[in-house]
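J.: what follows is a protein structure lacking sequence information:
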């Protein structure tokens, strides 16, 4: 859509206008904290829904349906009268005249918060960018699902063994939680669904590879959790390839820097993310795809602009590389900025951001998870129960919690997964 | 995808191969009837799911989620060991050498059943075909939903009253059950959702028009039901325009043959369907987009090919124009053909098709429906309860029945609708 020069329509208001770009964890927690503030909050997002990214991999592998993990933004703020939502993709920020330019029109602000999150990082590899699937939003997750099922259909129909091999090899790149969880979910799909749905396809044909460049998976977690996850994945039949870096992918063959080649038409890329933000920010404040901010989440030299969530890199903190790009950081930054802005209204000085790390969790499969909690490490069933509890409670809305919980309880007892539909074009990078 | 010359892979079998194209009501009822037949049944469909077309309009208007009304074909026939499913689009039939050609490969048959259903008929109008949305499959329904919500977002954001008018005018063309049900559902959306979701948009801006070329809506039903449906629609705020035929649509303006013009960016077309079938059938047997068959559902002059469902036009019957293109006819034809094929295996002569019309139903809104049943006409609440019961019981699978029923019961008491997501490109005719 062409850029529209006109202004975005808003109700006339005497109050200062605070614009929040992005309805992810950071943006919605900020907005909720400001629910009683005497300001006109304008929330902008490319989508009309909030999405719960930690469970995208379950949508991609037929575990749950999309409507369990996405939630309409308008419904979320139905009762918050100081907030107006506008669906718009922000293209550029003009800090000099306090204006954001979107595909729907422009908008001036008194304060601006950038909470635009992150997107898949292919590190400039064109072949990967064109052919592999990222898994950062619901459309990509549905596209991966469609491609998995479509390729299994093609594998069942083809008489060519070489073609069948590429169609039934599944490669997941990246040994972080998203990659481990995806590989584990594919292994469960193989064990419990493939045999039943595709009686005409030898289940042993389906092979799952997890490629990790470093020397262990889940490297942000404890050594003990890494080892346990590795053992679980191997028991579930996943081939974990360490010290391999993917170099080339042409859509039917993946090659690593160690010379390993795997014929494969299913490549899911979870090996990198980068900040996503509009144009117009000073380039010297951008490092490794994220915007550098001080402890109060402000960019140096620009007044009234704040950055929170994945896209923000707090450099004053102990970790100079910034905090991990995960939901808890985004939530805490959203909450803190909200409180600081309220403090400012009351003439109280702000508090700097300090990340309270409550631990890390990753699930490998049913009854298999690892948890590094403060003062405690758990594996297996107990960790899995905690993982389920934390994720269900983090979902927004009673309806979504109930939907996801029902799916999980049903699949716990029946090993049955959600419906298996090919509803999108299985080729990557289409709508 | 290019046409593949190779054969579709199947398990080797000594049994005769019966190929069924299409997993709609006709195809699945036929296949179920043949579940114990000593033959190799191959079911082909473009999709990997069966879809329940009568409720597509509820998906389009945010009433229910897609997974309530579509069902995986492989799961449907999980326990039927004589049936193999192949996802394939059939392009051509070569009756001379008993072969079907698909996008996945070719396949020979001993018997062939064409149950390929119907698609939207724009009667050759290019502008409509490009710009209006049909509502014959789940992708189209989701696309209509995305467009409705997207246009309301645009309407909330624009400062241009003329643009806003076109974005908030909803035109439904076609006064049959699909058109009446869609217009009614949009009216309920306006009354119960718009005010809550779009507090920044005057609800009176949203206008719903139902355009019908004839002198009454629901013309396949009784005069009494037509009148009641018209009254209900008017009470719900729908503007019903009779004796108007849509002539031109450029994407933002619709014009009728009576010179009426409505600015409108939302045009849903339910005013016509036509049979959909592969190439290679004798053109002299095709009339008004359907294939002419005898009472035993065979085409004249071609052995071992049968036609059932919307695409079949039984000309020997009392009605020379063929039966209505509705689910009950398809179900009865599928069942009858199945029984006739089993009879043939036992050397018993077949029975000709006779349609048992059990009546017609159409719903206008909550507690508003009309029912023309044998010996009885009902309106209002009683008709609506029957409509709900018939539709829930016609859904396939306990899970889908439960999902749809839960949605309906919840929305009955709360007036709340399903989640409102824009997940597809809102432009018609993409992916």
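T.: Structure received. None of the values given here were measured: they were computed from a predicted structure.

J.: domains of chain A?
T.: Domain assignment for chain A, taken from automatic domain parsing, gives A:17-46+A:88-120+A:274-345, A:129-271+A:366-414.

J.: distance check, the spatially most distant residue from the centre of chain A against residue B:104.
T.: Ranking residues of chain A by C-alpha distance from their mean position (Cα atoms, centre = their mean) puts residue A:159 at the top, at 37.8 Å. According to Cβ to Cβ, to the nearest Å, residue A:159 and residue B:104 sit 11 Å apart. No exception for glycine: its C-beta is placed from N, CA and C like everyone else's.

J.: joint contacts of the two?
T.: residue B:8 (Cβ atoms under 8 Å, 6 or more residues apart in numbering or on different chains).

J.: are we agreed that residue A:14 is in a helix?
T.: No - assessed with DSSP: H, G, I helix; E, B strand; the rest coil, residue A:14 is coil; it does not lie in a helix.

J.: buried residues in stretch A:287-294?
T.: By neighbour count on 16 or more other Cβ atoms under 10 Å in any protein chain shown, the buried set for stretch A:287-294 is A:289, A:290, A:291, A:292, A:293.

J.: relative to residue A:373, which of those is nearest.
T.: Compare each of the buried residues of stretch A:287-294 with residue A:373 using Cβ to Cβ and the shortest gap goes to residue A:290, at 27.1 Å.

J.: about what we covered before: pop out the phi and psi values for the nearest residue to the residue farthest from the centre of chain A once chain neighbours are set aside.
T.: Nearest residue to residue A:159 in three dimensions, chain neighbours excluded: residue B:9, at 4.5 Å (Cβ to Cβ, 6 or more residues apart in numbering or on different chains). Note on residue B:9: its backbone torsions stand at phi -70, psi 130 [degrees, to the nearest 10].

J.: average pLDDT for stretch A:50-59, rounded please.
T.: If you average the pLDDT over stretch A:50-59, you get 93.

J.: that stretch: how far from the chain's middle?
T.: With Cα atoms, centre = their mean, to the nearest Å as the basis, stretch A:50-59 stands 7 Å off its chain's centre.

J.: contacting residues around it?
T.: For stretch A:50-59, contacts defined as Cβ under 8 Å, 6+ apart pick out A:23-24, A:28, A:63-66, A:68-73, A:76, A:135-138, A:140-142, A:145, A:178, A:181-182, A:185, A:327, A:391, A:394-396, A:400, A:404.

J.: make it 7 Å
T.: Residues outside stretch A:50-59 that contact it (Cβ atoms under 7 Å, 6 or more residues apart in numbering or on different chains) are A:23-24, A:28, A:64, A:66, A:69-71, A:73, A:76, A:135-138, A:141-142, A:145, A:178, A:181-182, A:185, A:327, A:391, A:395-396.

J.: give me the contact list for the helix or strand where residue A:384 lies.
T.: Element membership for residue A:384 (DSSP states H and E) is helix A:381-394. With Cβ under 7 Å, 6+ apart as the test, helix A:381-394 has contacts from A:54-55, A:361, A:363, A:367-371, A:378, A:401, A:404-405, A:408.

J.: 6 Å instead, please
T.: Applying Cβ atoms under 6 Å, 6 or more residues apart in numbering or on different chains, the contact partners of helix A:381-394 are A:361, A:363, A:367, A:369, A:370, A:371, A:401, A:404, A:405.

J.: and these, which of them are in helices?
T.: The helices, defined by DSSP state H, take in A:401, A:404, A:405 from the contacts of helix A:381-394.

J.: quick check: closest non-adjacent residue to the last one.
T.: Right, the one you point to is residue A:405. Distances taken as Cβ to Cβ, 6+ apart place residue A:392 nearest to residue A:405, at 5.4 Å, with adjacent residues excluded.

J.: ok, now how distant is the one you found from residue A:404?
T.: Taken as Cβ to Cβ, the span from residue A:392 to residue A:404 is 6 Å.

J.: likewise residue A:323?
T.: The gap separating residue A:323 from residue A:404 is 27 Å, by Cβ to Cβ.

J.: same question, residue A:421
T.: Taking Cβ to Cβ, one finds residue A:421 at 18 Å from residue A:404.

J.: what about the stretch 1-150 of chain A, any weak spots by pLDDT?
T.: When residues are selected by pLDDT under 70, those of the stretch 1-150 of chain A lie in A:1-5.

J.: mind listing the helices for the stretch 251-400 of chain A?
T.: Under the criterion DSSP state H, counting those that start in this stretch, the stretch 251-400 of chain A contains helices at A:327-345, A:381-394, A:398-414.

J.: show me what counts as buried in the second one.
T.: If I follow you right, that is helix A:381-394. A:383, A:384, A:386, A:387, A:388, A:391.

J.: show me what from the stretch 51-200 of chain A comes close to chain B.
T.: Residues of the stretch 51-200 of chain A found near chain B (Cβ under 6 Å from any Cβ of the partner chain) are A:65, A:67, A:70, A:72, A:74, A:84, A:86-87, A:104, A:153, A:157-159, A:197, A:200.

J.: which of the residues you listed are buried?
T.: Neighbour counting by 16+ other Cβ under 10 Å classes A:65, A:67, A:70, A:72, A:74, A:84, A:86-87, A:104, A:153, A:157-158, A:197 among these as buried.

J.: would JSON lines of the residues you listed with secondary structure be doable?
T.: What follows is those, written out as JSON lines (three-state DSSP):
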{"residue": "A:65", "secondary structure": "coil"}
{"residue": "A:67", "secondary structure": "helix"}
{"residue": "A:70", "secondary structure": "strand"}
{"residue": "A:72", "secondary structure": "strand"}
{"residue": "A:74", "secondary structure": "helix"}
{"residue": "A:84", "secondary structure": "strand"}
{"residue": "A:86", "secondary structure": "strand"}
{"residue": "A:87", "secondary structure": "strand"}
{"residue": "A:104", "secondary structure": "coil"}
{"residue": "A:153", "secondary structure": "helix"}
{"residue": "A:157", "secondary structure": "helix"}
{"residue": "A:158", "secondary structure": "coil"}
{"residue": "A:197", "secondary structure": "helix"}
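
J.: quick check, nearest of the residues you listed to residue A:251?
T.: Of all those, residue A:251 sits closest to residue A:158, with 16.2 Å by Cβ to Cβ.

J.: ok now do that closest one, which residues does it touch?
T.: Applying Cβ under 6 Å, 6+ apart to residue A:158 gives the contacts A:164, B:9.

J.: quick one: it from residue B:97, how far?
T.: Using Cβ to Cβ, we find residue A:158 at a distance of 22 Å from residue B:97.

J.: can I assume residue A:292 is in contact with residue A:285?
T.: Yes - between residue A:292 and residue A:285 there is a contact under Cβ atoms under 6 Å: 4.9 Å.

J.: residue of the stretch 151-300 of chain A nearest chain B, please.
T.: Distances between the stretch 151-300 of chain A and chain B by Cβ to the nearest Cβ are smallest at residue A:153, namely 4.1 Å.

J.: contacts only, for that residue.
T.: residue B:87.

J.: let's go with 8 Å and repeat that
T.: Contact analysis of residue A:153 by Cβ under 8 Å, 6+ apart lists A:422, B:48, B:86, B:87.

J.: quick check: the residue of the stretch 251-400 of chain A nearest chain B.
T.: Of the stretch 251-400 of chain A, the residue with the smallest distance to chain B, taken as Cβ to the nearest Cβ, is residue A:399 at 8.0 Å.

J.: end-to-end on stretch A:199-213?
T.: 36 Å (Cα to Cα, to the nearest Å).

J.: buried sites along that stretch?
T.: Using 16+ other Cβ under 10 Å as the burial criterion, the residues of stretch A:199-213 that qualify are A:201, A:205, A:206, A:207, A:208, A:209, A:210, A:211, A:212, A:213.
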